[in-house]
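1. Sequence and predicted structure are below.
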Amino acid sequence: MEPEYIEMFDNWIHHDRGWNMFARDYLGVNLDEEQDEALYTIRHNAKTAIASGTSRGKDYLMAVAAVCFLYLTPEFDENGKLIGNTKVALTAPTGRQVKDIMRPEIARIFNQSPYLPGYLSGNDIRFEEYEEWFLTGFKADDTNTEAWTGFHAANVFFGVTEATGLPQKVFDAIEGNLQGNSRLVLVFNPNINHGYAASAFKSPDFKKIRLNSLHAPNVVAKKIIHPGQVDYEWLKGRLENWCAIIPKSEYRAEEGDFEFEGLWYRPNDLFRAKILGLFPKVSEGVLVPPEWITLANERWKLQQEQGWKINKPLRLGVDVAGMGRDSSCFCFRFGDYVEKFTSMQGGGTANHMEVTGNTLAILKKHTDTFNGTYAQAFIDTIGEGAGSYSRLVELVDELDKNGHKPNAWLKDKAHSCKFSEAATDGAGNSLKDSTNVFEFLNMRAWAYWAVRDWLDPNKESNAKLPVDDQLFQELSETQWKFRSDGKIQIEAKEDLKKRLKRSPDKSDALANTFWPISDILISKKKKSNIGQFFH
């Protein structure tokens, strides 16, 4: 390679937007704004999921990213020896998709560039002198997952097109190769709301991108700028057939409603998936639709901008770490406002006394005798939390050196939450949902359903949740169903943990705060008698 090319490549390798510059200036690629930002995201993140509308250039984007990775990641010594190899694997559910979709995109980019080392061979880009540096494309075969074991490299890129069409076993095999400088990129039309690709869009491990066909250059300009991409006239037909015009006053974000050329539309599921890059409306098996969480996040952001003062007592949800978990989780909820989630590191060991001390300090800080409110803690006592709860109960009657009970105020302020118990109130009556219709298998089902009711925009929700990828995934991944006796059952925690590959600590802590015990308000008569405990 000529010295000037070496200098340019060195700049592209190290520059923050080097991939974008390489694609535009050297490969001759013309990406639109959304695609350009998607390429930047892939450059800087190990895992990226791209949900796309129809004819939005998602496969071309994948090819561009793959070629950028292929040429900008290998390392050589001064003698031209390959010391950091690069392997790129592109795959799809069928051989036709590899041959007719992926290979032509790769070939187009390779052939239009002024000079790229290597040569095209079938679905591959290969290099004469380097067997450990290549790009290859092939059909994913879930019956031969061992084929993936040969892709260990210093730099490895896995690109999966039509990712909703592949089974979990294929992704398990791919994930076993993600090491070193690795990338996993999924591109797909979001036709179904289950499976690995759909879960990736809820996972904090993935950066999420949507390619919305309403934003396509051909649509915005009302003329053909990018041949082959979605165009204005085609889109207009889909608006007429797949959407209903609605008054602006009926706008509902969870429905995917949108404005286009001065009119407001409500899309059907075809338009959501094929145009907007949105998943179909969630089936009744999902506890909390993602759109509900997003609305609560937006209300939380607005509250932050406007400023916030405590006007409800703290309900502290506590999920205590077990021996195999790293941290205990605390959820701070004040009425409709969840201020934050915090964690206490446990180093993989149970930390009952630390949790107890932290819980005590939080309750004391947030108990406001002047305004007449007591903070309360709701602790999951199935497992490790039992030790922390028991210690808090003991502290109520513990004497100091002067024979006083400095923690007497704590009486009845820490509560044991046992999700496995029957869903009944103190008198043994069945607890029901907000409509007073549905009954529940156990307290876990009741508490989680209370969270759902709280977030439901159809019930005029004013819930405010901080943006948290882990919580988003936990709530939107949890499933529910009706039992044969008509009671609502929430998916077993162990089944959810298998999918998440971790414990749903934050959603558990949030659900704890809905335990059916009222806020404690102190009468003015009693205030003067308890203030002594806080001096």
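-> That came in fine, so what should we check first? Numbering: from 1, shown residues only.
2. was I right about Cys243 contacting Arg272?
-> No: with the criterion set as Cβ atoms under 8 Å, Cys243 and Arg272 do not qualify as a contacting pair; they are 9.8 Å apart. All C-beta atoms are positioned from the backbone trio N, CA, C, and that covers glycine.
3. Where does pLDDT dip in the protein?
-> Scanning the chain for pLDDT under 70 picks out 1-6, 141-147, 149-150, 282-284, 323-326, 346-350, 369-372, 521-535.
4. mind exporting stretch 274-293 as CSV, just the C-alpha atoms?
-> Below are the C-alpha coordinates for stretch 274-293, written out as CSV (Å, rounded to 0.1, in the frame of the first residue of the first chain):
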residue,chain,number,x,y,z
LYS,A,274,-42.9,-2.3,7.9
ILE,A,275,-42.7,1.5,8.1
LEU,A,276,-41.9,2.8,11.6
GLY,A,277,-39.5,0.0,12.7
LEU,A,278,-41.7,-0.7,15.7
PHE,A,279,-42.7,-4.1,17.0
PRO,A,280,-46.4,-5.1,16.8
LYS,A,281,-48.5,-4.1,19.7
VAL,A,282,-47.6,-6.3,22.6
SER,A,283,-49.7,-9.3,23.2
GLU,A,284,-51.5,-9.8,26.5
GLY,A,285,-48.8,-12.1,27.6
VAL,A,286,-46.3,-9.2,28.3
LEU,A,287,-46.7,-7.6,31.7
VAL,A,288,-45.7,-4.1,30.8
PRO,A,289,-45.6,-2.9,27.1
PRO,A,290,-42.4,-1.0,26.4
GLU,A,291,-44.3,2.1,25.3
TRP,A,292,-45.8,2.4,28.8
ILE,A,293,-42.3,2.5,30.3
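5. buried residues in that stretch?
-> 274-282, 286-293 (16 or more other Cβ atoms under 10 Å).
6. next one: stretch 310-325
-> Residues of stretch 310-325 classed as buried under the neighbour-count rule (16+ other Cβ under 10 Å) are 313-321, 325.
7. now swap in stretch 110-124 and tell me
-> Under the neighbour-count rule (16+ other Cβ under 10 Å), stretch 110-124 has 110, 116, 118, 123-124 buried.
8. just stretch 257-268 next, same as before
-> With the criterion 16+ other Cβ under 10 Å, stretch 257-268 contains buried residues 257-258, 264-267.
9. Would you convert the residues you listed into JSON lines that also reports secondary structure and distance to Ala361?
-> Rendered in JSON lines, the data for those read as follows (DSSP: H, G, I helix; E, B strand; the rest coil; distance: Cβ to Cβ, whole Å):
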{"residue": "Asp257", "secondary structure": "coil", "distance to Ala361": "45"}
{"residue": "Phe258", "secondary structure": "strand", "distance to Ala361": "47"}
{"residue": "Trp264", "secondary structure": "strand", "distance to Ala361": "50"}
{"residue": "Tyr265", "secondary structure": "strand", "distance to Ala361": "52"}
{"residue": "Arg266", "secondary structure": "strand", "distance to Ala361": "49"}
{"residue": "Pro267", "secondary structure": "strand", "distance to Ala361": "49"}
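10. Next, format those residues as CSV and append distance to Arg499.
-> Supplementary listing: those in CSV, determined by distance: Cβ to Cβ, whole Å:
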residue, distance to Arg499
Asp257, 30
Phe258, 31
Trp264, 36
Tyr265, 34
Arg266, 31
Pro267, 28
